[in-house]
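Q: sequence first, predicted model second:
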Amino acid sequence: MDVSNREFTKTINQFNILNTIRRAGLISRVEIAEVTGQSRAAVTNITARLLKEKVIVEKETKTSSSRGRRRVLLALNPTAAYVVGVKLSAFQVSFAVTNMQADVLSSLIVPVRIGKKSVEFVADLIEEGIRHCVSEAMISMVKVSGIGIGIPGLVNSEKGITYWSALYKKGNTTLRNLIQKRLNIQTYIENDANTVTLAQQWFGEGRGVDNFLMVTVEHGVGMGIVVNGQIYRGVKGIGAEFGHLVIRPGGALCRCGKRGCIESYVADYSVLGAAIEACKAKKWRYKNTASLTIEEVTAIAKKGEPALRKIFKRGGEILGLGISGLVQVFNPEKIIIAGEGVRAGALLFDPMQRMIKSHTTPEMYETLQIVIQKWQDTDWARGAASVVLQELYKSPLDRARPVI
């Protein structure tokens, strides 16, 4: 075997060991050898190099009762790398700096109505937010290994191209390239639902699950698909646009321009719009609809306002009908639902659950687990940071797509 092939083999073996440690959390060298199929000598040599480079650390466990000595286990070194995640939304931009384990070291949420601003304006905002957040984390910019940006819309992550987004005007310069050039840090851009899917796969409800779907509900409705342990994106890298699946032809107008999309009944903007129209039609009363927010609509509906509860019920049924179709196609082990829209709780998800059960083949439904994920403000940005962590871990055999 020539030198180049030997080095390539070493790189693959190192990746397999590092990925095994990441998955396990804490693991011994003997267990690594069993999982990876490598010899104990090879594991010892590679882990020694990783320890020297401070990528991993040794941790002792409590004394074993049978042998009377401590076991030495290996774990990731959380300070081995720092990354930044950025999430663009219709009314705010979220930032988070995380370590190698995606622990949030600092975060920032900037309320701003982006609404079709230029890509240069958005880049200015992101640059300032990143510099502030990195400073708050008490690290320097040179220690940042990468920047991940999550954005709703049609995004080809491999090429770094946003084909369409409702958030800013399309220009000749891509947002990724602008940020990368300004900060001189490797930058990645990804559909926001895929970023949360990746975070769930690494650290959340999707860990250890090879086939699951992620549905996000906020100002839009998004989806991530994991099949056989890999995120599926489609031929142009822009698949899984669940929110823009037409479920009622000729129905409500969606912001994508089509009518009857799932998003046009379920997303925050569509629920809020329907509530305002119902108020104008005198189906319920509110003093000033110009100042009405989705949070207020949800709170009033939870108190029992029939007209608003009907809007959420309709949205939940539409969402459930769409998800039942996904179950029939993918037969997933688990469906995870997350995003700011989970605030609606039973208003949205009880009718959703009923619709899924009534429209799904019993054999598929009985093995399906549906998880409504409790949402935190930093989850979107943490998901975007996971895009960078994915790149740091990625196998040399598969640099064009995620391997986890």
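A: Arrived safely.
Q: so what secondary structure elements neighbour the strand or helix carrying residue 389?
A: Of the helices and strands defined by DSSP states H and E, residue 389 is found in helix 379-393. Judged by 3 or more CB pairs under 8 Å, 6 or more residues apart in numbering; DSSP states H and E, helix 379-393 is in contact with helix 3-24, strand 82-88, strand 92-98, strand 104-111, strand 144-151, strand 187-191, helix 192-203. C-beta coordinates here come from the backbone N, C-alpha and C atoms, glycine included.
Q: nearest spatial neighbour of residue 311, skipping sequence neighbours?
A: residue 274 (4.7 Å; CB to CB, 6 or more residues apart in numbering).
Q: sec struct for the one you found, please.
A: Secondary structure for residue 274, judged by DSSP: H, G, I helix; E, B strand; the rest coil, is helix.
Q: gap between it and residue 242?
A: 20 Å (CB to CB, to the nearest Å).
Q: neighbour count for the two, which is higher?
A: Shown here are residue 274 and residue 242; by other CB atoms under 10 Å, residue 242 has more neighbours (24 against 21).
Q: point to the residue nearest the middle of the chain.
A: residue 196 (1.0 Å; CA atoms, centre = their mean).
Q: so it touches residue 224, yeah?
A: Yes - with contacts counted by CB atoms under 8 Å, residue 196 reaches residue 224, the gap being 6.7 Å.
Q: find residues that contact each of those two.
A: Counting by CB atoms under 8 Å, 6 or more residues apart in numbering, the contacts common to residue 196 and residue 224 are 214, 216.
Q: so for stretch 347-354, mean pLDDT?
A: Mean pLDDT, stretch 347-354: 98.
Q: all helices of the stretch 201-350 of the chain, in order?
A: 263-266, 268-280, 294-302, 306-330, 346-359 (DSSP state H, counting those that start in this stretch).
Q: can you lay out those as JSON lines showing distance to residue 46?
A: Output for the helices of the stretch 201-350 of the chain, formatted as JSON lines (distance: least, CB to CB, whole Å):
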{"stretch": "helix 263-266", "distance to residue 46": "47"}
{"stretch": "helix 268-280", "distance to residue 46": "48"}
{"stretch": "helix 294-302", "distance to residue 46": "51"}
{"stretch": "helix 306-330", "distance to residue 46": "37"}
{"stretch": "helix 346-359", "distance to residue 46": "46"}
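Q: among those, which comes closest to residue 367?
A: Checking the helices of the stretch 201-350 of the chain against residue 367 by CB to CB gives helix 306-330 as the closest, at 10.0 Å.
Q: pull out the buried positions in the closest one.
A: Across helix 306-330, burial judged by 16 or more other CB atoms under 10 Å covers 307-309, 311-327, 330.
Q: again, but for stretch 238-254
A: In stretch 238-254, counting by 16+ other CB under 10 Å, buried: 238-245, 247, 252, 254.
Q: just give the closest residue to residue 156, not the sequence neighbours.
A: Nearest residue to residue 156 in three dimensions, chain neighbours excluded: residue 237, at 3.9 Å (CB to CB, 6+ apart).
Q: residues contacting that neighbour?
A: Per CB under 8 Å, 6+ apart, neighbours of residue 237: 155-159.
Q: same thing but 10 Å
A: 154-159, 161, 163, 190-191, 194, 401 (CB atoms under 10 Å, 6 or more residues apart in numbering).
Q: how about residue 112?
A: 88-93, 121-122, 125, 129.
Q: out of the residues you listed, which are buried?
A: 88-90, 92-93, 122, 125, 129.
Q: could you dump these to JSON lines with pLDDT?
A: Listed next are the buried ones among the contacts of residue 112 as JSON lines, based on pLDDT from 0 to 100:
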{"residue": "88", "pLDDT": "91"}
{"residue": "89", "pLDDT": "87"}
{"residue": "90", "pLDDT": "82"}
{"residue": "92", "pLDDT": "89"}
{"residue": "93", "pLDDT": "93"}
{"residue": "122", "pLDDT": "89"}
{"residue": "125", "pLDDT": "95"}
{"residue": "129", "pLDDT": "97"}
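Q: could you list the domains of this protein?
A: 3-79, 81-198+380-393, 207-372 (automatic domain parsing).
Q: mean confidence score for the shortest one?
A: Okay, so that is domain 3-79. 83.
Q: any idea how far that domain is from the middle of the chain?
A: Between the centre of domain 3-79 and the centre of its chain there are 28 Å (CA atoms, centre = their mean, to the nearest Å).
Q: next one: the longest one
A: When distances are taken as CA atoms, centre = their mean, domain 207-372 is centred 17 Å away from the chain's centroid.
Q: if anything else comes up later, I'll come back, but that's it for now.
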